[in-house]
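Student: next input, structure requested:
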Amino acid sequence: MTMQNDISPDVIEAAVKRVLSTLNGNGAAPAASAPAASGGRLDAKKDYPLAAKRPDLVKSATGLPIAEITVDKVMAGKLSFDDIRIRPETLEYQAQIAESGGRPHVASNLRRAAELTRIPDARVLEMYVALRPYRSTKAELLAMADELESKYQAKICGKFVREAAAIYEQRGRLKES
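Tutor: Reported below is the predicted structural model:
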């Protein structure tokens, strides 16, 4: 699939700088790596922001450490999309931090996002469309939930789709067979 690039290099550079600044705690030098608190789980007070305080844990989908992801490399075309794509483990670490900070709903969303990283982008978009009201039958949604759980080991997302199917059925939002 070919996409037209209408975004100027200046806009891309500014966006990448904002993201990297946020990940690095607004440009602060990374702190020394400390073992995760509470039995191998991360703690908001000790490990947040993750990229600043635990950069050893933040790697791209290809295993590239965060320190290797720079604006210059992006602008020079030296990094692929997967070199800047997040890993499910990083989202799990963020979920642990959210939990320890008393944000269980954020943690749940991060874990669902971690599961979605294992699903091809095109399939995620198909599922998104299928989850819109009146787009799928109950059987189609349940088949999607089965696929998420068995093919992608996305148990949280599968449960979410099953809940959507039940709610759509209650509210009359399913596609007629």
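
Student: buried ones in the helix or strand hosting D72?
Tutor: Using DSSP states H and E, D72 sits in helix 71-75. Neighbour counts over helix 71-75 (16 or more other CB atoms under 10 Å) mark V74 as buried. Every C-beta, even on glycine, is put in place using the N, C-alpha and C of the backbone.

Student: helices or strands up against it?
Tutor: Packing partners of helix 71-75 (3 or more CB pairs under 8 Å, 6 or more residues apart in numbering; DSSP states H and E): helix 9-23.

Student: what's the average pLDDT for the helix it packs on?
Tutor: In this model, helix 9-23 carries a mean pLDDT of 57.

Student: check stretch 102-113 too.
Tutor: Averaged across stretch 102-113, the pLDDT comes to 96.

Student: report the buried residues of it.
Tutor: Of the residues in stretch 102-113, those buried (16+ other CB under 10 Å) are A107, N109, L110, R111, R112, A113.

Student: got a markdown table for the residues you listed, with secondary structure and distance to L174 too?
Tutor: Shown next, in a markdown table, are the buried residues of stretch 102-113 (DSSP: H, G, I helix; E, B strand; the rest coil; distance: CB to CB, whole Å):
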| residue | secondary structure | distance to L174 |
| --- | --- | --- |
| A107 | helix | 30 |
| N109 | helix | 25 |
| L110 | helix | 29 |
| R111 | helix | 27 |
| R112 | helix | 22 |
| A113 | helix | 26 |
